[in-house]
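Peer 1: Just the structure for this:
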Amino acid sequence: MASRQIFDPIVALRAAPLVSATCTLLYAWDQHLFLSILNQQKTRQHSKSIIGPYWAALFPKGLPMVLGFIAVTSSTAFANIYKHGRVLKARQSYGWYVAGAILSLSHLVFVPFVAPKIQKIVAPKEDEKDVDPNDQLDQWLSVHAFRSLTVDLAAWVAVSVAVLKSLQA
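Peer 2: Numbers count the residues shown, from 1 in each chain. Below is the predicted model:
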């Protein structure tokens with residue numbers, strides 16, 4: 001009994017989707033902040049030659065982080081639903097966990113819209129060698145901002161409400 005006063009695994013499970021959804025938002029904000037600097041008026045011409053190599057180094061390290069955050073958010077939300085469904089329904093947080101999981105997974109719906117832009121930046125095909133990497137980055141940043149402000153933010157709001165409702169006494 002005393003050990004649950006120090007660490008309660010049920011509270012940890014209920015809060016886990018919020019922690020990972022917060023990580024998703026923070027990482028999205030960081031990506032937007034640091035990558036948009038490359039396309040500012042003062043840096044745009046100078047960054048043209050480094051965008052490809054920068055993305056080639058960033059992408060293999062960043063992709064597992066993003067996928068990991070999505071996996072943790074959705075899997076822990078579903079684990080809460082599976083393990084404590086009746087309690088969550090009684091506390092009116094069940095639907096919020098469902099929404100958070102689905103919205104988190106919805107991040108992946110945007111892959112077809114961003115993958116071609118990343119491909120043209122990192123490894124352009126022979127007929128794409130003249131494509132401006134700054135223009136591709138601008139397009140990626142637009143989709144990224146829209147995705148972050150819609151499904152990522154909505155997932156965070158949903159799991160925030162779910163956690164608050166599920167932890168009410």
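
Peer 1: CA atoms for contacts and neighbours, from now on please.
Peer 2: OK.

Peer 1: Helices along the protein, start to end?
Peer 2: In the chain, the helices defined using DSSP state H lie at 2-6, 9-37, 44-47, 51-90, 94-106, 111-122, 133-147, 153-166.

Peer 1: Worst mean pLDDT among those helices?
Peer 2: Among the helices of the chain, helix 2-6 carries the lowest mean pLDDT, at a mean of 69.

Peer 1: Can you tell me how far the residue most central in space within the chain is from V159?
Peer 2: Nearest to the mean C-alpha position of the chain, counting by C-alpha atoms, centre = their mean, stands T24 at 3.6 Å. Relative to V159, T24 is positioned 12 Å away (C-alpha to C-alpha, to the nearest Å).

Peer 1: how many neighbours does the closest residue to A101 other than its chain neighbours have?
Peer 2: Closest residue in space to A101, ignoring its immediate chain neighbours: S74 at 4.1 Å, by C-alpha to C-alpha, 6 or more residues apart in numbering. Counted with other C-alpha atoms under 10 Å, residues neighbouring S74 total 27.

Peer 1: residue contacts, S74?
Peer 2: Contacts for S74 (C-alpha atoms under 8 Å, 6 or more residues apart in numbering) come out as 17, 100-102, 104-105.

Peer 1: which of those residues has the most neighbours?
Peer 2: Neighbour tally across these (other C-alpha under 10 Å): the maximum, 34 neighbours, falls on P17.

Peer 1: how about that residue, what does it touch?
Peer 2: By C-alpha under 8 Å, 6+ apart, the contact set of P17 is 72-74, 76-77, 159.
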